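**Q** pasted the sequence and its predicted model underneath.
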Amino acid sequence: VLVGGLIDPTSAAPLHEQLGGDGLELRSWSCVPQGSGLGTSSILAGCLIAAVRALVTADTSIDRDALVHAVLRAEQMLTTGGGWQDNVGGIFGGAKLATSRASLPLRVSTTTLSVPSGATPLDRHLVLMYTGRARLAKNLLQNVVRRWYARLPEIVETADALTANAEAAALALEARDLVALGGCLDKYWQHKRKMAAGCEPDFVREVIAAFRQAKLILGASLCGAGGGGFLALVTAVPDAIAALRDCLSAADIQTAGMSFHTVEVDHDGLELAVE
């Protein structure tokens with residue numbers, strides 16, 4: 001409500017006057033479990049801010065760059081931690097590369113990537129596996145920030161490597177090179193484990209190892225802060241969910257609470273409708 005401009009906290013006018021004498025009810029929901037690592041909280045924040053802005057201005061157009069920064073501000077006010085990557089992922093459609101300079105005020109620049117079509121859609125090589133466990137990102141992120149402020153050499157080097165790997169992943173997408181893309185996802189997971197010690201539970205390590213031994217995947221990483229939530233997979237063959245399930249069964253890995261999900265890239269991004 002504050003970020004959307006519905007009320008002005010510095011105004012001397014009472015709240016009921018700022019609201020025009022009426023109340024406001026906001027309802028939001030998500031089918032994604034809490035602590036999924038998919039950035040749902042940031043995406044929902046973007047939806048709510050866009051809706052409130054439309055209510056205030058009677059304008060349903062979306063300034064996606066401005067909305068990314070508005071969500072960042074809202075999450076800072078809520079002390080939830082995190083960055084802007086989830087905002088970009090949900091607000092902009094398709095595959096994209098987002099960057100920001102090491103300066104304040106922070107400005108995020110987003111470039112949409114051109115991913116060529118092929119005989120087999122890229123979506124069919126992407127799988128999300130819910131691990132059955134959730135973890136609050138804020139706790140993991142606080143430890144990462146502490147280590148960053150300590151300027152530990154390993155953390156600084158890994159931060160640089162994360163940037164280079166993101167650029168390599170963008171090139172792999174534009175070349176439609178699944179092997180290279182899977183390799184980038186693996187590197188990302190290696191870097192994440194260095195940044196946040198303890199983000200890889202033992203059972204996740206066993207699951208990934210089983211998939212690798214069966215040669216079913218080209219890359220894997222837990223989403224978000226790690227520790228649980230969803231495991232993202234680039235599969236060696238399309239439509240691999242049945243084979244992945246069989247692999248876990250053969251490896252005698254407990255799958256209680258786990259679920260597999262197909263992936264479809266949203267090429268439109270956030271949309272706003274008034275009824």
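**A** Arrived safely, thanks for sending. Every value quoted in this text rests on a predicted model; they were computed, and no experiment measured them. Numbers count the residues shown, from 1 in each chain.

**Q** which of the three states applies to residue 221?
**A** Following DSSP: H, G, I helix; E, B strand; the rest coil, we place residue 221 in the strand state.

**Q** any idea what it is bridged to?
**A** Taking DSSP bridges as the rule, residue 221 bridges to residue 232.

**Q** for it, give its distance to residue 267.
**A** With distances taken as Cβ to Cβ, to the nearest Å, residue 221 is found 23 Å from residue 267. All C-beta spots, glycine's among them, are computed from the backbone N, C-alpha and C.

**Q** residue 37: neighbouring residues, count only.
**A** Neighbours of residue 37 under the rule other Cβ atoms under 10 Å: 27.

**Q** picking up where we left off before, which of residue 221 and residue 267 has more neighbours?
**A** In this view residue 221 and residue 267 are compared by other Cβ under 10 Å, and residue 221 has more residues nearby, 25 against 10.

**Q** what sits against the more buried one?
**A** When contacts are counted by Cβ atoms under 8 Å, 6 or more residues apart in numbering, residue 221 touches 185, 186, 188, 189, 192, 231, 232.

**Q** of those, which is the nearest to residue 115?
**A** For the contacts of residue 221, the minimum distance to residue 115 (Cβ to Cβ) is 15.5 Å, reached by residue 185.

**Q** flag every buried residue along the helix or strand where residue 99 lies.
**A** Using DSSP states H and E, residue 99 sits in strand 96-100. Within strand 96-100, the residues that count as buried by 16 or more other Cβ atoms under 10 Å are 96, 97, 98.

**Q** which other residues reach that strand?
**A** If you take Cβ under 8 Å, 6+ apart as the criterion, strand 96-100 is touched by 84-85, 88-89, 106-113, 166-167, 170.

**Q** which single one of those is nearest to residue 257?
**A** Checking the contacts of strand 96-100 one by one against residue 257 (Cβ to Cβ), the nearest turns out to be residue 89, at 25.0 Å.

**Q** need the contact list for the closest residue to residue 239 other than its chain neighbours.
**A** Using Cβ to Cβ, 6 or more residues apart in numbering and skipping residues adjacent in sequence, the residue nearest residue 239 is residue 124, 5.5 Å away. Residues near residue 124 by Cβ under 8 Å, 6+ apart: 238, 239, 262.

**Q** pLDDT value on residue 124, please?
**A** Here, the pLDDT recorded for residue 124 equals 95.

**Q** quick one: it is in a helix?
**A** Yes: under three-state DSSP, residue 124 sits within a helix.

**Q** gap between it and residue 170?
**A** From residue 124 across to residue 170, the span is 21 Å (Cβ to Cβ).

**Q** all strands of the protein, in order?
**A** Using DSSP state E, the strands assigned to the chain run over residues 96-100, 108-112, 126-130, 217-222, 230-235, 259-262.

**Q** buried sites along the shortest one?
**A** Just to be clear, that refers to strand 259-262. For strand 259-262, by 16+ other Cβ under 10 Å, it's residue 260.
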